[in-house]
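Undergrad: Can you look at this prediction? I've put the sequence above it.
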Amino acid sequence: DAKTTQPPSMDCAEGRAANLPCNHSTISGNEYVYWYRQIHSQGPQYIIHGLKNNETNEMASLIITEDRKSSTLILPHATLRDTAVYYCIVSGTASKLTFGTGTRLQVTL
Amino acid sequence: NAGVTQTPKFQVLKTGQSMTLQCAQDMNHNSMYWYRQDPGMGLRLIYYSASEGTTDKGEVPNGYNVSRLNKREFSLRLESAAPSQTSVYFCASRTGTGASYNEQFFGPGTRLTVL
């Protein structure tokens, strides 16, 4: 599975959009981009995934560049409850997930 | 639905003791996983079971054994606990193998300390 690179930490003001970047320059054609988050001490929670098209659900939007070498997770209106560690993971079908150290997002008043 | 449940929530062991961590899911998922998370680190896969009756090693299997008891339950056993196994253990499940997505559902974790 391809490796990902994320900034270790980011801050965001409550109510503003949080844009979390991820680089995955070695992604192969059959690999998906997944995003999970882990709120303090809890088990990780699935957010969204995509292959090549942009995706949106009730939690977030995922923007994948045309060359698929990077992506951005967008939380449109961040709240204090979105403070968490966000993991960007690249994985093929039927594969295991490899969690890195993620991005620690701190949402502030 | 309870989702993925884990027992116990907390455990303290002495070096050399054995114990079994229990995990159960009520979502009729085929695949189940055991991860460990050390402080400040991401999760690392210990063992997984792609379907009932099969188990495979993950990234860090040494010192652990697993049993896929049935479709619902997947247990993790420490035969002789070591301080290096102090960690938070998460169990997860997902709907099946060969799926085009990898949405795993995680339990609340077991916090294990080995003295």
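TA: Nice, I can see it. Numbers count the residues shown, from 1 in each chain, chains lettered A, B, ... in the order given.
Undergrad: Which residue lies nearest the spatial centre of chain B?
TA: B:W34 (2.6 Å; CA atoms, centre = their mean).
Undergrad: so A:S91 makes contact with A:T98?
TA: Yes. A:S91 is within contact range of A:T98, at 7.2 Å (criterion: CB atoms under 8 Å). C-beta: built from backbone N, CA, C; applies to glycine.
Undergrad: Surely the residue nearest to the centre of chain B is within a strand?
TA: Yes. B:W34 forms part of a strand when assessed by DSSP: H, G, I helix; E, B strand; the rest coil.
Undergrad: Could you grab the helix/strand/coil label for residue 63?
TA: If you meant another chain, say so; for now it's chain A. Going by three-state DSSP: A:I63 is strand.
Undergrad: State the distance from it to A:N57.
TA: A:I63 sits 13 Å away from A:N57, going by CB to CB, to the nearest Å.
Undergrad: Close to chain B: what parts of chain A are there?
TA: A:32, A:34, A:41-46, A:49, A:87, A:89, A:91, A:93-102 (CB under 8 Å from any CB of the partner chain).
Undergrad: Pull out the buried members of these.
TA: By neighbour count, with 16 or more other CB atoms under 10 Å in any protein chain shown, those hold A:32, A:34, A:43-44, A:46, A:49, A:87, A:89, A:91, A:96-100, A:102 as buried.
Undergrad: list the contacts for B:T7?
TA: B:21-22, B:110 (CB atoms under 8 Å, 6 or more residues apart in numbering or on different chains).
Undergrad: can you tell me how far it sits from B:T20?
TA: 10 Å.
Undergrad: and if you look at A:E55?
TA: Counting by CB to CB, the gap from A:E55 to B:T20 is 39 Å.
Undergrad: Among these two, which residue is more densely surrounded?
TA: A:E55 (17 against 13; other CB atoms under 10 Å in any protein chain shown).
Undergrad: which ones are touching the residue in chain A that chain B sits nearest to?
TA: Closest contact between chain A and chain B, by CB to the nearest CB, is at A:G43 (3.0 Å). Shown in contact with A:G43 (CB under 8 Å, 6+ apart): B:4, B:90, B:92, B:106-109.
Undergrad: re the thing from before, looking at A:I63 and A:N57, which is more packed in?
TA: A:I63 (16 against 10).
Undergrad: Spatially nearest residue to whatever residue of chain B ends up closest to chain A, not counting backbone neighbours?
TA: Scanning chain B for the residue nearest chain A gives B:F106, at 3.0 Å (criterion: CB to the nearest CB). Leaving aside its sequence neighbours, B:F106 sits nearest to A:G43 (CB to CB, 6 or more residues apart in numbering or on different chains; 3.0 Å).
Undergrad: Quick check: which element contains the one you found?
TA: A:G43 belongs to no helix or strand when elements are defined using DSSP states H and E.
Undergrad: how about low-confidence regions in chain B?
TA: B:96-101 (pLDDT under 70).
Undergrad: Can you tell me which residues in chain B are near chain A?
TA: So chain B meets chain A at B:4, B:33, B:35, B:40-45, B:48, B:50, B:58-59, B:88, B:90, B:92, B:97-109 (CB under 8 Å from any CB).
Undergrad: Neighbour count and secondary structure for the contacts of B:T7 - can I get that in CSV?
TA: Below are the contacts of B:T7 laid out as CSV (neighbours: other CB atoms under 10 Å in any protein chain shown; DSSP: H, G, I helix; E, B strand; the rest coil):
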residue, neighbour count, secondary structure
B:L21, 23, strand
B:Q22, 16, strand
B:T110, 22, strand
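Undergrad: so what's residue 6 up against?
TA: Went with chain A since none was named. A:20-23, A:86-88, A:100-103.
Undergrad: could you do chain B instead?
TA: Counted by CB under 8 Å, 6+ apart, B:Q6 has contacts B:21-23, B:89-91, B:107-110.
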